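Participant: This is the structure alone, sequence omitted:
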């Protein structure tokens, strides 16, 4: 058992995956000598060499295209995209090649590629550095999409993603990189594509993922002082969604608040709300409420505190749900 930051947990997880399988290759802009802009790959090139930790040109399309070719040859590439908004030059390769090659080959060719994307705001950066594009990838058939929220999940989920034979878009909440928690390398992790109940409660179900899971847990602590028990669920997997625990929880609480930094229009929160309404209609005591970013481009850093969902907005949605 060790107390690690999420950044260190990801580093250790990648190291374990590389030690386990010599076909695992890390590639991206500045991932080698520098160790990545957030130092997630720090020390890996020194220990595994320049043939397995590759510094690439500033070309996301080239990074993804090369990873597709390497996967065809039996390698397991892990691609780092420096910031969320930088992924779009490689979006065509992800959607047109990475997501479709397995199906195009009638199952003969696997695509064990992980695309790591630091996402979300809260670090005082501008647009292209603070966005939440996860819904775009979750809509693409052939891709798996996950988001870690804490060091323990980061450690295990990155290893599970690397071991997957399907392409995985791996979202990392960059403003949580430096938060610490205990990580047990000897534990048995939950399946990669599963959600988890982090805190039980009987009043309202609150579901979120990535950077806002911590906000949901803080809201549960604050609500407890008023006698309100929030059940907090970390979705973890965005495609495929694992909503069984959410359905079970809503059937007991009768209420659901879904939380995300992404804009609300056509989003993960939209899909969760629709499917809960479909599966739990007669259990609902109030409409499913959503707390999200606004339907605008990410604002200048001076305005991000007004843009990002926070503790007060989550608690306000809880109060509105209970007042229905």
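Facilitator: Sure, I can see it. Here the structure is a predicted model, which is why all the values come from computation and not from measurement. Numbers count the residues shown, from 1 in each chain.
Participant: By residue count, which helix of the protein is the longest?
Facilitator: In the chain, taking DSSP state H as the definition, the longest helix is helix 6-20.
Participant: So which bits of that one are buried?
Facilitator: Buried residues in helix 6-20, counted by 16 or more other CB atoms under 10 Å: 6-18. Using the backbone N, CA and C atoms, a C-beta is placed for each residue, glycine as well.
Participant: tell me what that helix is packed against?
Facilitator: strand 24-28, helix 44-48, helix 151-163, strand 168-173 (3 or more CB pairs under 8 Å, 6 or more residues apart in numbering; DSSP states H and E).
Participant: what's the domain layout of the protein?
Facilitator: Using automatic domain parsing, the domain ranges for the chain come out as 2-183, 196-323.
Participant: Take the ones you listed and write them to JSON lines, including mean pLDDT and distance to residue 189.
Facilitator: As requested, the domains of the chain are exported to JSON lines (pLDDT from 0 to 100; distance: least, CB to CB, whole Å):
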{"stretch": "domain 2-183", "mean pLDDT": "97", "distance to residue 189": "4"}
{"stretch": "domain 196-323", "mean pLDDT": "97", "distance to residue 189": "10"}
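Participant: measure the spatially most central residue of the chain to residue 36 for me?
Facilitator: Residue closest to the mean C-alpha point of the chain, counted by CA atoms, centre = their mean, is residue 147 at 1.5 Å. For residue 147, the distance to residue 36 (CB to CB, to the nearest Å) stands at 18 Å.
Participant: could you pull out the helices for the stretch 1-150 of the chain?
Facilitator: With DSSP state H, counting those that start in this stretch as the criterion, the stretch 1-150 of the chain has helices at 6-20, 44-48, 60-72, 91-93, 101-104, 134-138.
Participant: These: which one's closest to residue 113?
Facilitator: Closest to residue 113 of the helices of the stretch 1-150 of the chain is helix 60-72 (CB to CB; 4.9 Å).
Participant: got a list of contacts for the closest one?
Facilitator: With CB atoms under 8 Å, 6 or more residues apart in numbering as the test, helix 60-72 has contacts from 25, 27-29, 56, 77, 79, 81, 86-90, 92-94, 97-98, 101, 109-113, 115.
Participant: Buried ones among those residues?
Facilitator: For these, buried by 16+ other CB under 10 Å: 25, 27-29, 56, 77, 79, 81, 86-88, 90, 93-94, 97-98, 101, 110-113, 115.
Participant: you'd agree residue 78 is up against residue 26?
Facilitator: Yes: in this structure, residue 78 is within contact of residue 26 by CB atoms under 8 Å, at 4.8 Å.
Participant: Which neighbours do the two have in common?
Facilitator: residue 14.
Participant: correct me, but residue 143 touches residue 169?
Facilitator: Yes: using CB under 8 Å, residue 143 makes contact with residue 169 at a distance of 5.7 Å.
Participant: out of these two, which sits in the busier spot?
Facilitator: Per other CB atoms under 10 Å, whichever of residue 143 and residue 169 has more neighbours is residue 169, with 30 against 22.
Participant: I'd say that one and residue 115 touch.
Facilitator: Yes: taking contacts as CB under 8 Å, residue 169 lies within contact range of residue 115: 5.1 Å.
Participant: so what sits against both of those two?
Facilitator: residue 94.
Participant: how about the strands of the stretch 101-250 of the chain, start to end?
Facilitator: Assigned by DSSP state E, counting those that start in this stretch, the strands in the stretch 101-250 of the chain fall at 114-119, 144-147, 168-173, 180-183, 196-199, 204-208, 230-234, 237-239.
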